[in-house]
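> Quick check, what structure comes out for this input:
(one chain, ligands or ions: 1)
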Amino acid sequence: MIPRRRIVFEFDDLADAVRALLAPPERAEADVAAFERAFARRVGVPHALATASGRDALDLILDGLGLRAGDELIVPAYTLGELLPLIAARGIVAVPADTDPASLNVTPDSVARRLGPRTRAVLVVHLLGAPCDIRAICALADEHGVPVIEDCAHALGARIDGCSVGAFGRAALFSLEATKPVAAFGGGVCATTDDALAAAIRARLSGRRRREWPAVRKALVKFAEEMVVRSPAYGFLARLMFSGRRAGRFDRFYRRAHERVRGVAGAFTGFQARLALRRLARVDARDRRLNRLRDELVARLPARFVVQRRDGIGTPACYNLVALYDGDVVALRAAAQRAGLDLGIGGEVMDDTARMLGFDDCPGAAHAYSRAVQIPLHDRMSRRRRERILATLDRVTGELR
Ligand SMILES: Cc1ncc(COP(=O)(O)O)c(C=O)c1O
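Numbering: from 1, shown residues only. So this is what the prediction gives:
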């Protein structure tokens, strides 16, 4: 079975990170501070604050910006559904802005339609690494006197006119999860140009305990997961876990288990900072390779796949390869799986957050949600494997016609 993704375990990175476990606590402080400085330089903002996760960064930003119960926050109609509970937990009312069916991003028009007297902030996402029209959205939000928060969980490396995403809005969140461009087995970053916001978030972070164990445990769990995915038994296990009604149950189980492994909102650790620093230094080279492989695959995908339009704004980063399939997606996934190609079970792509919030007026998000499949891609993928993926997709889509 060809898996959808691959988590990289580089020996040198891990050896360096493990050394951090043995170092005195002051060393962890210094490593985290060094990572924050490097990240801020990279994004081109005065402040970068390392957090427990991308979600944690968003939570701290919402709090720091003073959003309170009853305030409205505009959110993308097609993004990670797990962002909604943390918004709801603060009593903030999330209002979805629809996504463009071609770019899969929110647009100035869709945001404008949702701006109202109770709007207190706008959250946008640069989905799958493709920048949204952030300048126009910031100008619009400015007219209404509300801040823009950029969700850059997928987009480290994306630029507009040489300027990194994350430097346009009032604040931005990045994720350092195991599958993200700079993977530190959890963790996130809040980047901001706002001194007062940075100080408020720093004050909240300073009370946290730095416990190394959750990230180390996450690394061990991810390593075990990766061994299963690479083993010959994976095909059998995948069929067992991902077929029919079991797929939904497995998705729920996996999300819950993931939450448990993620642990509490502690402080970013020395182990994570060392990993993240090394990977930050290589993120551009990784992205160039990934973009090149992605373009090669996209150029030869069967006609029934429409990939995200990414040539509109700036230079995209490559997060992963998602395509919208013009046909029965469930049948496609099942047939691909029988042919040894893991196209996932649906939950791994983004969620129709509009529907989750009870809105039925976001056709762009509904369209993307019902058709999206994630095609396997990683930056070390061999030519042979790429050829196998293309041949399998050709065969399977031909049979389903
Ligand atoms: C669009 C988007 N935003 C935010 C996040 C949250 O990141 P984390 O998993 O680090 O909390 C993710 C994670 O996958 C994401 O896909």
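
> Pull up the gap between residue 379 and residue 292, please.
9 Å (C-beta to C-beta, to the nearest Å). Just so you know, the C-beta spots here come from the backbone N, C-alpha and C atoms, and that holds for glycine as well.

> Need the residues touching each of those two.
Where contact means C-beta atoms under 8 Å, 6 or more residues apart in numbering, no residue is in contact with each of residue 379 and residue 292.

> Of these two, which one has the most company?
More neighbours sit around residue 379 than around the other of residue 379 and residue 292, counting by other C-beta atoms under 10 Å; the figures are 18 against 12.

> Hmm, residue 289 and that one touching each other?
Yes: with contacts defined as C-beta atoms under 8 Å, residue 379 counts as touching residue 289 at a distance of 4.6 Å.

> Helices of the stretch 251-400 of the chain, residue ranges please.
Residue ranges of the helices in the stretch 251-400 of the chain, as given by DSSP state H, counting those that start in this stretch, are 270-299, 329-338, 353-356, 363-371, 383-400.

> where's the fourth one relative to the chain centroid, distance-wise?
What it means is helix 363-371. Going by C-alpha atoms, centre = their mean, to the nearest Å, the spacing between the C-alpha centre of helix 363-371 and its chain's C-alpha centre is 18 Å.

> gap between the closest residue to the ligand within the chain and residue 156?
In the chain, the residue that lies nearest the ligand is residue 54 (2.6 Å; C-beta to the nearest ligand atom). Here the criterion is C-beta to C-beta. By it, residue 54 lies 11 Å from residue 156.

> and what of residue 111?
For residue 111, the distance to residue 156 (C-beta to C-beta) stands at 23 Å.

> okay, the two: which has more neighbours?
Comparing residue 111 with residue 156 by other C-beta under 10 Å, the one with more neighbours is residue 156, at 28 against 25.

> So that one: helix, strand or coil?
Three-state assignment for residue 156 (DSSP: H, G, I helix; E, B strand; the rest coil): coil.

> show me the contacts for it.
Under the contact definition (C-beta under 8 Å, 6+ apart), the residues listed for residue 156 are 42, 164-166, 174, 180-182, 283, 317.

> and if you look at residue 90?
Residue 90 sits next to 59, 62-63, 67-69 when contact means C-beta under 8 Å, 6+ apart.

> Out of the contacts of residue 156, who's the most crowded?
Each of the contacts of residue 156 was scored for neighbours by other C-beta under 10 Å, and residue 165 scores highest at 32 neighbours.

> got a list of what that one touches?
When contacts are counted by C-beta under 8 Å, 6+ apart, residue 165 is found next to 126, 131, 134, 150, 152, 155-156, 158-159, 172, 314.

> Then residue 134?
By C-beta under 8 Å, 6+ apart, the contact set of residue 134 is 124, 126, 148, 150, 160, 165, 168-169, 313.

> Now with 10 Å, please.
Counting by C-beta atoms under 10 Å, 6 or more residues apart in numbering, residue 134 makes contact with 105-106, 108, 124, 126, 148, 150, 158, 160, 163, 165-169, 172, 313-314.

> now residue 108
Taking C-beta under 10 Å, 6+ apart as the contact definition, residue 108 lies against 97, 132-141.

> Then residue 201?
47, 49, 51, 57, 60-61, 63-65, 171, 190, 192, 194.

> Would you mind listing which of those are buried?
47, 49, 51, 57, 60-61, 64-65, 171, 190, 192, 194 (16 or more other C-beta atoms under 10 Å).

> Show me these that map onto strands.
Among these, the residues falling in strands (DSSP state E) are 47, 49, 51, 171, 190, 192.

> Enumerate the beta-bridge partners assigned to the nearest residue to the second one once chain neighbours are set aside.
Counting by C-beta to C-beta, 6 or more residues apart in numbering, residue 190 is the residue found nearest to residue 49 once chain neighbours are left out, at 4.8 Å. With DSSP bridges as the criterion, residue 190 is bridged to residue 49, residue 173.

> Over to residue 341?
Partner residues in beta bridges with residue 341: residue 2, with DSSP bridges as the criterion.

> Surely the residue nearest to residue 49 touches residue 57?
Yes: with contacts counted by C-beta atoms under 10 Å, residue 190 reaches residue 57, the gap being 4.1 Å.

> Residues that sit against both of these two, list them.
49-51, 149, 171-174, 201.

> before we move on, the earlier item: now, the contacts of residue 156 that are in strands?
Counted as lying in strands by DSSP E, out of the contacts of residue 156, are 164, 174.

> Would you format the contacts of residue 156 as CSV with distance to the ligand included?
Supplementary listing: the contacts of residue 156 in CSV, determined by distance: C-beta to the nearest ligand atom, whole Å:
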residue, distance to the ligand
42, 18
164, 17
165, 12
166, 13
174, 8
180, 7
181, 12
182, 11
283, 16
317, 13
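
> just to revisit the earlier point, the residue nearest to residue 49: what's it in contact with?
Shown in contact with residue 190 (C-beta under 10 Å, 6+ apart): 36, 39, 45, 47-51, 54, 56-61, 64, 149, 166, 171-174, 197-198, 201-202, 205.

> do residue 140 as well
Contacts for residue 140 were tallied using C-beta under 10 Å, 6+ apart; they are 108-109, 111-112, 115, 122, 133, 146, 148.

> One more: residue 223?
Neighbouring residues of residue 223 by C-beta under 10 Å, 6+ apart: 7, 9, 14, 178, 185.
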